[in-house]
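**Student:** Provided below for reference: sequence and predicted model.
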Amino acid sequence: MAARQAISTESTPGVSNVAGSYVIKKKNTKSCVWKEFGIRSDEKGKVIESEKERPMCLTCGKGVQAKGSNTTNLFQHLRDNHPAIYSQLAPEIPSKRGDSHPDKQPSMVQLTLQETPKRLGKYSAHSSEAKELNKAVTFYIAKDAMPVFTVTKPGFKHLLSKLNPRYEVPSRKHFTEHEIPSLYSDIRDNKFQPAFTKASFFSSTTDLWTSGSCDPYLAFTIHFIDASWNLTSYCLDTVPLYADHTGENIAETTTDILENWNLDVTRLVAMTTDNGSNVVAAYRNLNILRVSCFGHNLDLAIKKGLDIQQVQRALARCHSLVELFHRSWKKTRDLREKQRQLDLPQHKIMGDVSTRRGSTFSMISRILEQQQAISAVIADERKYWHKMPNDAEFTTLEIVYDVLKPLSSLTDALAGEKQVTASAVIPVSKHVKSVLEPESADNQLKARMKNIIWSDLQNRYGEDEDFYNTLSLASFVDPRFKHRHLERKEEIVEVMKKECMEFYSPPCSTTTTTQVLEPPPSKKLKGLAGLLASIEKDDQTTSQSHSTLSPEEKINLEITLYLEAPFLEPEGDPLSWSRREDVRYPTIAQVARKYLSICGTSVPSERMFSLSGHIASDSRNRLLPENVNKLVFFG
């Protein structure tokens, strides 16, 4: 051990020179250990900030970490490196440190936030803290559709280590084999099953999709109204379908899903799908009522209306323009400059995508909006002028725009899965018919397009009686519509009465053989009290007269009162209304639970494939189909 050499400087009292470094004594301290340590300073006694929490041993000149004036490390240094000095201080330690054993490390010292994780170590993999943090990471992966290999990324690990240094992220394999299946089972058993068990009926949507890694999937989503009148959806299965997508194979896969989840087919009201011939055949073979997706039908009808040579020529010019601006950053730059000069919106040229509904209208709308700016850009380079629509073609585009504009918002109008949609199919179809009615001012092209679109839409819905009755009943039990938009009102009212009879349950009544005693004569009341008593007596008489009605008469009365009641406002929620009024209209409420769960479009299952595509993307092509299924279920 080197001998201590502390030399006081003449110029600055209190400053010592130890092993070539200037040090000063720590002020305002009572611990005896500070006799052996000093704080590094300059020759004038000004503390060096970087050394403020690293006192220097006056014996060996070594700096010792001591954050927040904590003396634990200082005593430790003396005991390990300078036992003779530590022994000299031992008599003072009990009185200063409260330690009756001076030969032991001082105790009861509060650790700093930075020191705590290092002293306590990592959480055990089986500790409750580690398990809760594992669940949180799993929820993050599932809810935000993140790749499972996120847990192996250095940046993610660094983030978690800063948030909680004691937590060590498990391996990717641990999450795929344990945490994700555990969360899946927890949601299935503790959230889905209890809610679904209380549901009397359910509907479903389904769709087919192929991932980027060429794995074909079938999604099966169910929808039901829970006990609190909330429309609830779960994508129960996203299963690989490697067999040919024939009607028989689709039907077999659907049957397996129903059996695996113990779903009673008699509770399945309807299944909403697209119009693929294989899908139509599959559910016809299963004897399941199929509702044709309204959005898909309208989109196909619009495409039929666009399949006119005159329109196709104009659209081809649009596609050529889109390609020009999408492939040239210079043209895009020039377009922005022309937009600025012409005071036009700074919008990019949009293309149409065959799988995205309404994209053709968006493309036409954008090109008409930016016609001046596009012309100005093309005029600078005449070699591209052939890509520009001529005057006749712009006129055609304007006609197409006029036809499609009232329909543009309808393709996705019934796409919500948290709101009632099937009840709106007939009212929306009626609106489509009205906007496609020919007008005297229509030119030949506009009249032809309107006729083609409406005729095709009618053909796609066909004349199926069960299908029409199902949508009619859904509309009837929706207090926004009732039978206002139905063509065969009286017929649907009769169908509704039969439906109500299946749900009718007589009110509980008790009988007694006890002799009925005459009530004592009551005091005759006057004024307001007498009036109220009279009203109460009349109400009781009316109630008793209703109780003598037959079930058919009670249902007729309930339907009559329902139809006479005010309509719910268009922006109102029919489920909230039913929750409030199910006591007043108990039988109609039961029918509503059945038919308002039906989806007007298959978008919920289609949306699952947007999620699936994000989950089973190229960066996650190693994800097994069973894990894709579980992760989509969380979505």
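**Tutor:** Good, I have the coordinates.
**Student:** and stretch 175-183, how far apart are its ends?
**Tutor:** One end of stretch 175-183 to the other measures 10 Å (C-alpha to C-alpha, to the nearest Å).
**Student:** any idea of the mean pLDDT in that stretch?
**Tutor:** Across stretch 175-183, the average pLDDT comes to 93.
**Student:** centre of the chain versus that stretch, how much separation?
**Tutor:** Put simply, stretch 175-183 sits 21 Å off its chain's centre (C-alpha atoms, centre = their mean, to the nearest Å).
**Student:** Kindly report the same for stretch 204-213.
**Tutor:** With C-alpha atoms, centre = their mean as the basis, stretch 204-213 stands 18 Å off its chain's centre.
**Student:** and what of stretch 480-495?
**Tutor:** 35 Å.
**Student:** Over to stretch 33-45?
**Tutor:** The gap between where stretch 33-45 is centred and where its chain is centred comes out at 61 Å by C-alpha atoms, centre = their mean.
**Student:** Tell me, how many residues neighbour the closest residue in space to Y167 that isn't next to it in sequence?
**Tutor:** Among residues not flanking Y167 along the chain, L133 sits closest, at 5.0 Å (C-beta to C-beta, 6 or more residues apart in numbering). Using the backbone N, CA and C atoms, a C-beta is placed for each residue, glycine as well. When neighbours are defined as other C-beta atoms under 10 Å, L133 has 20 of them.
**Student:** ok, now K383?
**Tutor:** A total of 7 residues lie near K383 under the criterion other C-beta under 10 Å.
**Student:** Could you report the pLDDT at it?
**Tutor:** Per-residue pLDDT puts K383 at 87.
**Student:** what sits against it?
**Tutor:** Contacts for K383 (C-beta atoms under 8 Å, 6 or more residues apart in numbering) come out as none.
**Student:** Can you tell me whether I have it right that H223 is in a strand?
**Tutor:** Yes. Residue state for H223 (DSSP: H, G, I helix; E, B strand; the rest coil) corresponds to a strand.
**Student:** Is it in contact with S203, as I believe?
**Tutor:** Yes. In this structure, H223 is within contact of S203 by C-beta atoms under 8 Å, at 5.1 Å.
**Student:** so what's in contact with those two at the same time?
**Tutor:** What both H223 and S203 touch, as defined by C-beta under 8 Å, 6+ apart, is the set S597, I598, C599.
**Student:** which parts of whichever strand or helix holds V279 are buried?
**Tutor:** Per DSSP states H and E, V279 falls inside helix 277-285. For helix 277-285, a neighbour-count test (16 or more other C-beta atoms under 10 Å) marks V279, V280, A282, Y283 as buried.
**Student:** residues in contact with stretch 401-412?
**Tutor:** By C-beta under 8 Å, 6+ apart, stretch 401-412 touches 295, 298-299, 302, 305, 357-358, 360-362, 364-365, 368, 428, 431-432, 435, 446, 449-450, 453, 603.
**Student:** Whichever of these count as buried, I'd like them selected in ChimeraX; how would that read?
**Tutor:** Buried residues among these (16+ other C-beta under 10 Å), as a ChimeraX selection:
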select :295,298,299,302,305,357,358,360,361,362,364,365,368,428,431,432,446,449,450,453,603
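**Student:** Out of the contacts of stretch 401-412, list just those in strands.
**Tutor:** Among the contacts of stretch 401-412, no residue falls in strands (DSSP state E).
**Student:** All the strands of this protein, in order from the start?
**Tutor:** 6-8, 15-18, 21-24, 37-41, 56-57, 202-210, 216-225, 231-240, 268-273, 290-292.
**Student:** Adding mean pLDDT, distance to V47 and mean neighbour count as columns, could you present these in CSV?
**Tutor:** Converted to CSV, the strands of the chain look like this (pLDDT from 0 to 100; distance: least, C-beta to C-beta, whole Å; neighbours: other C-beta atoms under 10 Å):
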stretch, mean pLDDT, distance to V47, mean neighbour count
strand 6-8, 48, 17, 11
strand 15-18, 78, 11, 18
strand 21-24, 84, 7, 20
strand 37-41, 88, 5, 21
strand 56-57, 89, 12, 21
strand 202-210, 90, 68, 23
strand 216-225, 92, 68, 24
strand 231-240, 90, 64, 21
strand 268-273, 95, 76, 24
strand 290-292, 92, 80, 23
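**Student:** just so I know, which of those strands lies nearest D352?
**Tutor:** For D352, the closest of the strands of the chain is strand 202-210, at 20.7 Å, according to C-beta to C-beta.
**Student:** could you check the angle strand 268-273 makes with that closest one?
**Tutor:** For strand 202-210 against strand 268-273, the angle by axes from the mean of the first three to the mean of the last three C-alpha atoms, to 10 degrees is 30 degrees.
**Student:** now for strand 202-210, which elements pack on it?
**Tutor:** Helices and strands touching strand 202-210, by 3 or more C-beta pairs under 8 Å, 6 or more residues apart in numbering; DSSP states H and E, are strand 216-225, strand 268-273, helix 603-615.
**Student:** neighbouring strands for that strand, and are they parallel or not?
**Tutor:** Strand 202-210 pairs in its sheet with strand 216-225 (antiparallel), strand 268-273 (parallel), by DSSP bridges.
**Student:** give the contact list for the spatially closest residue to K489 that is not a sequence neighbour.
**Tutor:** Excluding its sequence neighbours, the residue lying closest to K489 (C-beta to C-beta, 6+ apart) is H483, at 4.7 Å. Applying C-beta under 8 Å, 6+ apart to H483 gives the contacts S475, F476, K489, I492, V493, L563.
**Student:** Restricted to helices, list these.
**Tutor:** S475, F476, K489, I492, V493, L563 (DSSP state H).
**Student:** Most neighbours of all these, which one?
**Tutor:** F476 (30 neighbours).
**Student:** Quick check: bridge partners of C235?
**Tutor:** Under the criterion used here (DSSP bridges), C235 is bridged to T221.
**Student:** returning to that earlier point: C-alpha coordinates for the helix holding V279, CSV please?
**Tutor:** Output of helix 277-285 as CSV, limited to C-alpha atoms (Å, rounded to 0.1, in the frame of the first residue of the first chain):
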residue,chain,number,x,y,z
SER,A,277,-69.8,-19.8,-57.4
ASN,A,278,-67.8,-22.2,-55.1
VAL,A,279,-68.9,-20.2,-52.0
VAL,A,280,-72.5,-20.2,-53.1
ALA,A,281,-72.5,-23.9,-53.7
ALA,A,282,-70.8,-24.6,-50.4
TYR,A,283,-73.4,-23.0,-48.2
ARG,A,284,-76.3,-24.2,-50.4
ASN,A,285,-75.0,-27.8,-49.7
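**Student:** Any stretches of the protein with poor pLDDT?
**Tutor:** Scanning the chain for pLDDT under 70 picks out 1-13, 93-119, 411, 417, 506-547, 604-625, 635.
**Student:** mind giving me the domain split of it?
**Tutor:** Residue ranges for the domains of the chain, per automatic domain parsing: 6-116, 121-183, 198-293+602-634, 299-408.
**Student:** quick one, which of those domains is nearest to L471?
**Tutor:** Across the domains of the chain, closest to L471 is domain 198-293+602-634 (C-beta to C-beta), at 7.4 Å.
**Student:** As JSON lines, the buried residues of helix 277-285 with distance to V400 would be great.
**Tutor:** Shown next, in JSON lines, are the buried residues of helix 277-285 (distance: C-beta to C-beta, whole Å):
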{"residue": "V279", "distance to V400": "30"}
{"residue": "V280", "distance to V400": "30"}
{"residue": "A282", "distance to V400": "36"}
{"residue": "Y283", "distance to V400": "35"}
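**Student:** Dump the shared contacts of H223 and S203 into a markdown table; add neighbour count as well.
**Tutor:** Output for the shared contacts of H223 and S203, formatted as a markdown table (neighbours: other C-beta atoms under 10 Å):
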| residue | neighbour count |
| --- | --- |
| S597 | 26 |
| I598 | 27 |
| C599 | 29 |
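**Student:** among those residues, which are in helices?
**Tutor:** Per DSSP H, the shared contacts of H223 and S203 never map to helices.
**Student:** which among these gets closest to S233?
**Tutor:** Closest to S233, out of all of the shared contacts of H223 and S203 and judged by C-beta to C-beta, is C599, at 8.7 Å.
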